[in-house]
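[1] Mind looking at a prediction? Sequence and model below.
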Amino acid sequence: MLKGLPRLFWWVWVSVLIQAIGGFAWPLMSVYVHDRLGYSLSFAGWVLTAMGAGATVGPPVLGSVADRWGRRPVSLIGQFIAALGLIGLAELPGKPMLLVSAFLFGFGAWATKPVRSAVIADVVEPEDRLRAFSLNYWAINIGFGVAAGLGGLLAGYSMRWVFLANAALMVLSGLVQYVMVPETLPPHSPAVHRRESALRLILADRTFLAFLFACLLFFCVLNSPTIALAPTMAAHGLSVAMYGVVAAVNGVAITVLQLPANKILAGRRASQAMAFGAVVIGVGMAINLVAHNVWVFGLSVLVWTIGEMVYFSFAPAVVAGFAPPHMRARYQSAFSMASYAGMIAAPLMFGYTMQYLGSSAVWWLCLAIGLLVALTIRTVAVRLDDPGAMTRIGRKAEAQVASA
């Protein structure tokens with residue numbers, strides 16, 4: 001599982017792990033703004049919204065730049081922008097600067113993720129991308145698990161140092177990749193970019209749009225527990241502490257099971273595996289319909305985590321297969337934007353469902369959406385099952401690059 005991948009991939013992996021370990025600031029953002037700075041909960045919400053706006057804008061902007069001028073400088077610039085935002089959050093506590101700083105943090109931190117995915121696609125052969133992206137996902141979850149503990153310790157000492165330490169690790173992550181990983185952008189002619197737009201290519205590719213739609217729906221289901229799980233457990237007399245224990249099953253399961261899962265998934269068809277993952281996440285959420293104690297709620301999290309692992313083991317590799325090499329960062333950015341759209345839509349969709357129809361309706365809806373995602377994935381199976389597949393339009397773009 002760990003052998004056979006290029007050395008450059010492992011330096012990217014280390015960079016990703018460092019950034020993930022430093023990801024202890026944003027979960028504490030609302031606590032910092034409301035409890036430590038004394039602002040209202042509504043303003044804390046605006047700060048989080050500003051961060052989300054930056055996370056939405058950053059990937060397409062820096063993804064486009066990375067495809068034109070190189071992954072290496074853009075990754076470093078993104079990390080420095082994120083660090084600047086974190087320093088602003090720590091040192092400039094006025095309302096306007098908090099909003100600006102949160103935007104910069106979201107812009108830089110989330111923009112580097114699709115660029116790194118493009119680097120992985122650049123340096124790893126198509127037949128090894130499943131392993132590479134699975135390991136990348138594993139590093140993110142290991143890092144977040146460590147970050148949760150570190151963030152709590154630092155917050156007990158000083159909330160200011162939570163943001164400053166996060167900024168330092170952002171810079172370290174960027175420097176590791178910049179120093180150890182050379183430029184990986186495939187040779188291309190800037191003239192090609194004047195003739196064609198990645199957005200136009202993506203919008204004209206119905207198969208890729210269907211895939212993005214499936215990913216958006218999948219992210220909606222994945223984020224449903226943040227809205228409905230705690231109230232569902234509370235209705236059965238379970239405390240917030242028990243909710244924390246159940247929620248922790250997700251990170252522990254990914255850390256323990258990701259590598260064995262990768263061995264099982266090796267050689268599987270992408271469409272079959274992703275459809276299976278979509279069904280499993282829907283079934284996992286539906287278990288909450290019959291849950292009444294902490295063990296069954298924990299089983300629910302374990303089941304849908306397996307679906308999550310299976311789906312995300314394949315999704316970035318599938319995106320890399322769709323993208324022409326000189327547009328990989330922009331295609332990965334489109335995938336990232338689908339995930340953020342799901343994160344934004346989930347609170348509205350499931351919040352209103354829970355308010356008017358109750359928590360049971362949320363879990364039935366998750367099951368239905370999971371089945372819809374599986375059906376969508378199977379509909380475009382022919383294209384997804386070729387790890388080196390190019391779209392018809394993508395091949396035309398490749399021809400233009402080759403002849404430029």
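    Yep, that arrived. Residues are numbered from 1 along each chain as shown.

[2] Which residue ranges of the stretch 251-400 of the chain form helices?
    Taking DSSP state H, counting those that start in this stretch as the criterion, the stretch 251-400 of the chain carries its helices at 270-286, 294-322, 328-357, 359-379, 381-384, 392-403.

[3] okay, now the nearest residue to residue 350 once chain neighbours are set aside: neighbour count?
    In space, and not counting its chain neighbours, residue 350 is closest to residue 227: 4.4 Å by CB to CB, 6 or more residues apart in numbering. Placement of C-beta: from N, CA and C, glycine included. Look at residue 227: counted by other CB atoms under 10 Å, it has 19 neighbours.

[4] any idea how far residue 227 lies from residue 220?
    10 Å (CB to CB, to the nearest Å).

[5] Poorly predicted segments of the stretch 301-404 of the chain, please.
    382-383, 386-404 (pLDDT under 70).

[6] Sticking with the residue nearest to residue 350, tell me its helix or strand.
    Using DSSP states H and E, residue 227 falls within helix 225-235.

[7] got the buried residues for that helix?
    Counting neighbours by 16 or more other CB atoms under 10 Å, one finds that the buried residues in helix 225-235 are 225, 227-230, 232-233.

[8] Mind picking the two most distant members of these?
    Pairwise distances across those (CB to CB) peak at 12.6 Å, for the pair 227 and 233.

[9] Check the separation of the first and last residues in stretch 14-29.
    26 Å (CA to CA, to the nearest Å).

[10] Just the buried residues of that stretch, please?
    Here stretch 14-29 shows 14-26, 28-29 as buried, counting by 16+ other CB under 10 Å.

[11] just to revisit the earlier point, identify the contacts common to residue 227 and residue 220.
    Shared contacts of residue 227 and residue 220, defined by CB atoms under 8 Å, 6 or more residues apart in numbering, are found at 346, 350.

[12] Test my guess that residue 111 contacts residue 64.
    No - using CB atoms under 8 Å, residue 111 makes no contact with residue 64, being 10.4 Å away.

[13] which of these two has more neighbours?
    residue 111 (30 against 19).

[14] quick one: which helix or strand includes the residue nearest to that one when sequence neighbours are not counted?
    With sequence-adjacent residues excluded and distances taken as CB to CB, 6+ apart, residue 111 is closest to residue 58, at 3.2 Å. Per DSSP H and E, residue 58 falls inside helix 41-69.

[15] what's that helix packed up against?
    Judged by 3 or more CB pairs under 8 Å, 6 or more residues apart in numbering; DSSP states H and E, the packing partners of helix 41-69 are helix 29-31, helix 71-91, helix 95-123, helix 190-195, helix 328-357.

[16] Now it: buried residues?
    Neighbour-count burial for helix 41-69, counted by 16+ other CB under 10 Å, picks out 43-44, 46-48, 50-60, 62-68.

[17] Flag the shaky bits of the chain, pLDDT-wise.
    The low-confidence ranges in the chain, as defined by pLDDT under 70, are 1-2, 188-198, 382-383, 386-404.

[18] Can you report how many residues neighbour residue 371?
    15.

[19] Kindly report the same for residue 359.
    20.

[20] and the gap between it and residue 329?
    40 Å.

[21] again with residue 130
    Distance from residue 130 to residue 329, by CB to CB: 20 Å.

[22] quick one: which of these two has more around it?
    A side-by-side neighbour count of residue 130 and residue 329, using other CB under 10 Å, places residue 329 first with 32 against 23.

[23] so how far is residue 243 from the more buried one?
    Noted for residue 329: a distance of 38 Å to residue 243, by CB to CB.

[24] Can you give the distance of the helix holding residue 227 from its chain's centre?
    On the basis of CA atoms, centre = their mean, to the nearest Å, helix 225-235 sits 23 Å off its chain's mean C-alpha point.

[25] before we move on, what about stretch 288-296?
    28 Å.

[26] next one: stretch 13-26
    Remark: stretch 13-26 is offset 13 Å from the chain centroid, using CA atoms, centre = their mean.

[27] Can you get me a residue count around the residue nearest to residue 6 when sequence neighbours are not counted?
    Using CB to CB, 6+ apart and skipping the chain neighbours, the partner closest in space to residue 6 is residue 123 (5.4 Å). By other CB under 10 Å, the residues close to residue 123 number 19.

[28] Go ahead and confirm residue 123 touches residue 184.
    Yes - the criterion here is CB under 8 Å, and residue 123 meets it with residue 184 at 5.6 Å.

[29] what's the overlap in contacts for those two?
    Contacts common to residue 123 and residue 184, judged by CB under 8 Å, 6+ apart, are residue 8.
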